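Trainee: how does the following fold in three dimensions:
(one chain, ligands or ions: 1)
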Amino acid sequence: MNFFKHLATVRRHRKAVRKLCFKVGLIRQGLTHDLSKYSKAEFQPGVKYYQGYRSPQAKEREICGYSAAWLHHKGRNKHHFEYWTDFADGKKVYVDMPPQYFAEMVCDRVAASKIYLGAKYTNASPLEYFESKTDIQGMNRQTAERLKYYLTMIKDEGEEKTFKALKKYVKDSKKKK
Ligand SMILES: [Zn+2]
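Mentor: The predicted structure is shown next:
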């Protein structure tokens, strides 16, 4: 049953993100990551378009032209760069993501790549996904550069070192305030 398969995917994803968020010192965010996936607006399409090897939203997009579940999700979850956009004076505004949500995004991307790629996952996978599938034009430039920097660090120097550096980045940014 896709209901249980989707439920298991969400749980596995949340658990993987939680583990990484804790490494970065983001306890509350680790515990509440992606809770909106349990809402009706996101869970029902998740079951209906269940795929296993990729996000159900990709399937929903193929069929409907867009994903209503994604619109619901990105509007509520600050760990997505798409949340941080506005429109002013006839132009799109891309806001630099606050450090704690930026770090949660890195955790999210690593966890999602691991779950969808399974045994094919390598330290290069999150960077490859960023370079081939992410709408970099739709992201604040500094955020994009920073994201590339940390994903490259994962590829070249591994997870442990990168999440330590991320933790420091979040901590230092709090001191500055
Ligand atoms: Zn999310």
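
Trainee: any chance you could map the helices in this structure?
Mentor: Assignment of helices within the chain using DSSP state H yields the ranges 2-24, 27-32, 40-48, 56-64, 68-74, 99-117, 125-133, 141-157, 159-176.

Trainee: rounded mean pLDDT for the longest one, please.
Mentor: Yep, that's helix 2-24 we're talking about. Here the mean pLDDT over helix 2-24 is 96, rounded to a whole number.

Trainee: got the contact list for that helix?
Mentor: Helix 2-24 is contacted by residues 27, 29-31, 33-34, 37-38, 43, 46-48, 50, 52, 56, 103-104, 106-108, 110-112, 114-115, 163-164, 166-167, 170 when judged by Cβ atoms under 8 Å, 6 or more residues apart in numbering. In short, each C-beta sits where N, CA and C put it, glycine included.

Trainee: is there proximity between that helix and the ion?
Mentor: No: using Cβ under 5 Å from the ion, helix 2-24 stays clear of the ion, coming no nearer than 8.5 Å.

Trainee: how far off centre is that helix?
Mentor: With Cα atoms, centre = their mean, to the nearest Å as the basis, the distance from the averaged C-alpha position of helix 2-24 to the chain average is 12 Å.

Trainee: how about the residues of the chain by the ion?
Mentor: Taking Cβ under 5 Å from the ion as the criterion, the contact residues of the chain with the ion come out as D34, N77.

Trainee: output the below-cut-off pLDDT ranges for the chain.
Mentor: Along the chain, the model assigns pLDDT under 70 to residues 177.

Trainee: same thing but 90
Mentor: 1, 52-55, 115-116, 174-177 (pLDDT under 90).

Trainee: circling back: out of the helices of the chain, flag the one nearest D89.
Mentor: Go through those one by one with Cβ to Cβ and the one that ends up closest to D89 is helix 141-157, at 18.4 Å.

Trainee: contacting residues for the residue most central in space within the chain?
Mentor: Closest residue to the average C-alpha location of the chain: D108 at 3.8 Å, with Cα atoms, centre = their mean. By Cβ under 8 Å, 6+ apart, the contact set of D108 is V17, H33, D34, H79.

Trainee: I'm done for today, thanks for sticking with me.
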